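>>> Return a 3D structure for these sequence lines:
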Amino acid sequence: MSFPAILVLEDGSVLEGMGFGAKEPAVGEIVFNTSMSGYQEVITDPSYAKQIIAFTHPHIGNTGINDEDNESDEIVASGIVIKDLPSHFSNWRATQSLESFLESKKTIGISNIDTRALTAKLRDHGSVKACIAPNDSSSLSKANQALDKFDGLEGLDLAKEVSTKKSFSWGEGTWPNYEQTKNEKLIVAVDFGVKKNILRLLRKHVGKVQVVNAQISFEKLMSLKPDGVFLSNGPGDPEPCIYAIELIQQLLDINMPIFGICLGHQLLALSGGCKTYKMKFGHHGANHPVQDLASKVVYITSQNHGFAVDLSSLPENIEPTHVSLFDQSLQGIAFKDKPAFSFQGHPEASPGPHELEELFTKFHSMIKNNAKKN
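Numbers count the residues shown, from 1 in each chain. The predicted structure is shown next:
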């Protein structure tokens, strides 16, 4: 059941709408996402921890929620903002409504919001702190108190909070036939907030997959005898993740094949001596053009990040491989003297629908070539 709700921004703006899902207030950094499809995957992406997702597309919820497309088992995003909440949903795979899904995951949403005006504000001023709350006599006061207590994402290590507590093996390939490679190489995926489809593509293209906690020690990781290490996506600021940076530096020292995506890309860069910075409003959407600097091919990519690697900070042994054609921000790097590379966007999200899946086959080839050298 919907209920009166408010969206309060740190600049004092108060937007009235209708709440749905959980009736508990939630605070976070509000960012806009321009994706026209895949809202279920977006909402369940662990990279949105401590963030409120404002969807620019007006038709969110119209195809409901199915049982197969969640990128994680829970919703770690603080909440969502949409223009209209549909009264009905329709899709042959759907099993429940967006409203009931949010309620079951104890997450609040707000509709009847002018998301175009909200997006324009965020583009002008950058991502800001926000609170969604049920609208009652004390809601505004409580929302402002929550905003005062929330310091934002900069300097916040969230990867260790969303990471798996127990190591587990992943055996599922890609939908619909769950295709798997026959390669027996072992990939250890360090979980900073990993999405399920990344694990599916690793299993399809690279080898067996073992998922481990973000704070795993170098000794424990090496005891698994990996053929390669994958650094996952995740939320928050990469710079406070000292434990991860030190682990990656040790892996680089022994020439372990490494592939990183999103936060994993930023952590690999930091491990190599690069610097990162917080973006004004980040990249969140499925229509971002990215150019391969070697081939000059342009890919349409899915993006979700609020921090980026500073292109001007790359040392001589690291080369840029991809850049965004929206703002020329760095999208990929490769070490010249190590078997390590990374990509800022999300090749597993496949808006193409097969855009940049080749990065997984590149990782496979890197592991094979490294095995021949040894």
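
>>> so where do the helices sit in the protein?
In the chain, the segments counted as helices under DSSP state H are 39-43, 98-104, 115-125, 139-149, 159-162, 196-205, 218-223, 242-253, 263-271, 358-373.

>>> Contacts for the first one next, please.
To tie it back to what came earlier, the one meant is helix 39-43. Outside helix 39-43, the residues that touch it by C-beta atoms under 8 Å, 6 or more residues apart in numbering are 33, 35, 48, 53, 55, 57, 60-61, 65-66, 69-71, 75, 77, 80, 98, 101-102, 107, 195, 197, 304, 349. The C-beta positions use only the backbone N, C-alpha and C, and glycine is treated the same way.

>>> Drop the exposed ones from these and show what's left.
Neighbour-count burial (16 or more other C-beta atoms under 10 Å) applied to those gives 33, 35, 48, 53, 55, 57, 60-61, 65, 70-71, 75, 77, 80, 98, 101-102, 107, 195, 197, 304, 349.

>>> Go ahead and flag the most central residue of the protein.
Geometric centre of the chain, nearest residue: S47, 3.6 Å, by C-alpha atoms, centre = their mean.

>>> Helix or strand with the lowest mean pLDDT in this structure?
In the chain, no helix or strand scores lower on mean pLDDT, DSSP states H and E than helix 358-373, which sits at a mean of 92.

>>> Just the buried positions in that one, please.
L359, F360, K362, F363, H364, M366, I367.

>>> packing partners for that helix?
helix 196-205, strand 228-231, strand 258-261, strand 340-343 (3 or more C-beta pairs under 8 Å, 6 or more residues apart in numbering; DSSP states H and E).

>>> ok and that helix relative to helix 196-205, angle-wise?
Angle of helix 358-373 versus helix 196-205, following axes from the mean of the first three to the mean of the last three C-alpha atoms, to 10 degrees, is 50 degrees.

>>> and E74, how many neighbours?
The tally of other residues near E74 (other C-beta atoms under 10 Å) stands at 12.

>>> distance of it from K105?
Look at E74 and K105: by C-beta to C-beta, to the nearest Å, they are 6 Å apart.

>>> and what of V42?
Counting by C-beta to C-beta - V42 and K105 are separated by 14 Å.

>>> Flag the shaky bits of this structure, pLDDT-wise.
Residue ranges of the chain with pLDDT under 70: 353.

>>> Show me how it divides into domains.
Listed domain ranges for the chain are 3-149, 159-373 (source: automatic domain parsing).

>>> higher neighbour count, V42 and K105?
V42 (24 against 18).

>>> For D136, see how far away I82 is.
22 Å.

>>> Centroid-wise, who is the farthest residue in this structure?
Residue farthest from the centre of the chain, counting by C-alpha atoms, centre = their mean, is S137 at 36.1 Å.

>>> For V298, see how far away V229 is.
Distance of V229 to V298, given as C-beta to C-beta: 29 Å.

>>> actually E154, not the one I wrote
Distance, E154 to V298, using C-beta to C-beta: 31 Å.

>>> now do H265
In terms of C-beta to C-beta, H265 sits 19 Å off from V298.

>>> Can you name the residues bridging to P4?
M18 (DSSP bridges).

>>> Isn't it up against I132?
No. If you go by C-beta atoms under 8 Å, P4 and I132 don't touch, sitting 11.9 Å apart.

>>> thinking again about what came up before, more neighbours, V229 and V298?
V229 (25 against 12).

>>> right, and that one touches I187 too?
Yes. If you go by C-beta under 8 Å, V229 and I187 touch, sitting 7.3 Å apart.

>>> Would you check how far apart the nearest residue to F150 once chain neighbours are set aside and D157 are?
Leaving aside its sequence neighbours, F150 sits nearest to V27 (C-beta to C-beta, 6 or more residues apart in numbering; 4.8 Å). Using C-beta to C-beta, we find V27 at a distance of 18 Å from D157.
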